[in-house]
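Novice: Pasting the sequence and the predicted model now:
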Amino acid sequence: MKRKRIANKKLRKKLEQRLLGPILILIILFIIIILITPLSQKTKQVKEATLSIKIISPENKTYDNSSIPVSVDASETAFWIANSFDGGPNITECRNCNWYSRYDLNFELGQHTVTVYASDYENRVSKASVIFTVKI
């Protein structure tokens, strides 16, 4: 029985010695990864969009006509300009442009929201909205 205990102790000691090196290496690598990751994330800077957009029409007012043009002007050439009416899907109106106008729109009675999005060539998106009312 004593021989088995001694043999087990020797075997356990050999295993501990063989595993200690790889375990220490893994711990050191883990610590290095934890220390390096925040540093690399700090170097990434988020650039704000420099492109500004202005909704020329419609204006924030009440209209007595349901046929209202939508006109948009951008401060520089946009990769694309899209709009959304009353929270609906985005519709791309133009690409590589700095303005667009649509005259074929008819709005129902009530309050409406037009939201316009424009993206520069680095995928930074600007947004503008206007709320108006149609009463006939």
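Specialist: Cool, got the structure. Numbers count the residues shown, from 1 in each chain.

Novice: Could you report the distance from His112 to Ile131?
Specialist: 7 Å (C-beta to C-beta, to the nearest Å). For every residue, glycine as well, the C-beta is placed using N, CA and C.

Novice: More neighbours: which of these two?
Specialist: Using other C-beta atoms under 10 Å, the more surrounded residue of His112 and Ile131 is His112, with 18 against 12.

Novice: does the more buried one count as helix, strand or coil?
Specialist: Judged by DSSP: H, G, I helix; E, B strand; the rest coil, the three-state class of His112 is strand.

Novice: so what's it up against?
Specialist: Taking C-beta atoms under 8 Å, 6 or more residues apart in numbering, we find His112 in contact with 58, 85-86, 131-134.

Novice: at 6 Å instead, please
Specialist: By C-beta atoms under 6 Å, 6 or more residues apart in numbering, the contact set of His112 is 86, 132.

Novice: Looking at the record's assignment, how would you partition this protein?
Specialist: 1-45, 53-134 (automatic domain parsing).

Novice: Export those as CSV, with columns for mean pLDDT.
Specialist: Putting the domains of the chain into CSV (pLDDT from 0 to 100) gives the following:
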stretch, mean pLDDT
domain 1-45, 68
domain 53-134, 94
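
Novice: Could you look over those and pick the most buried one?
Specialist: With neighbours taken as mean count of other C-beta atoms under 10 Å, those reach their highest mean count in domain 53-134, at a mean of 15.

Novice: Please state the offset of that one from the chain centre?
Specialist: Counting by C-alpha atoms, centre = their mean, to the nearest Å, domain 53-134 is centred 20 Å from the centre of its parent chain.

Novice: now do stretch 125-136
Specialist: Centre-to-centre, stretch 125-136 and its host chain are 23 Å apart (C-alpha atoms, centre = their mean).

Novice: CA-only coordinates of that stretch in PDB, if you can.
Specialist: Presented in PDB, the C-alpha positions along stretch 125-136 are these (Å, rounded to 0.1, in the frame of the first residue of the first chain):
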ATOM      1  CA  VAL A 125     -24.600  59.200 -42.100                       C
ATOM      2  CA  SER A 126     -26.300  62.500 -41.400                       C
ATOM      3  CA  LYS A 127     -30.000  63.000 -40.800                       C
ATOM      4  CA  ALA A 128     -32.500  65.700 -41.000                       C
ATOM      5  CA  SER A 129     -36.300  65.700 -40.300                       C
ATOM      6  CA  VAL A 130     -39.200  68.000 -40.800                       C
ATOM      7  CA  ILE A 131     -42.800  67.800 -39.600                       C
ATOM      8  CA  PHE A 132     -45.600  69.400 -41.500                       C
ATOM      9  CA  THR A 133     -49.400  69.300 -41.800                       C
ATOM     10  CA  VAL A 134     -51.800  69.100 -44.800                       C
ATOM     11  CA  LYS A 135     -55.200  70.700 -44.400                       C
ATOM     12  CA  ILE A 136     -57.400  71.400 -47.300                       C
END
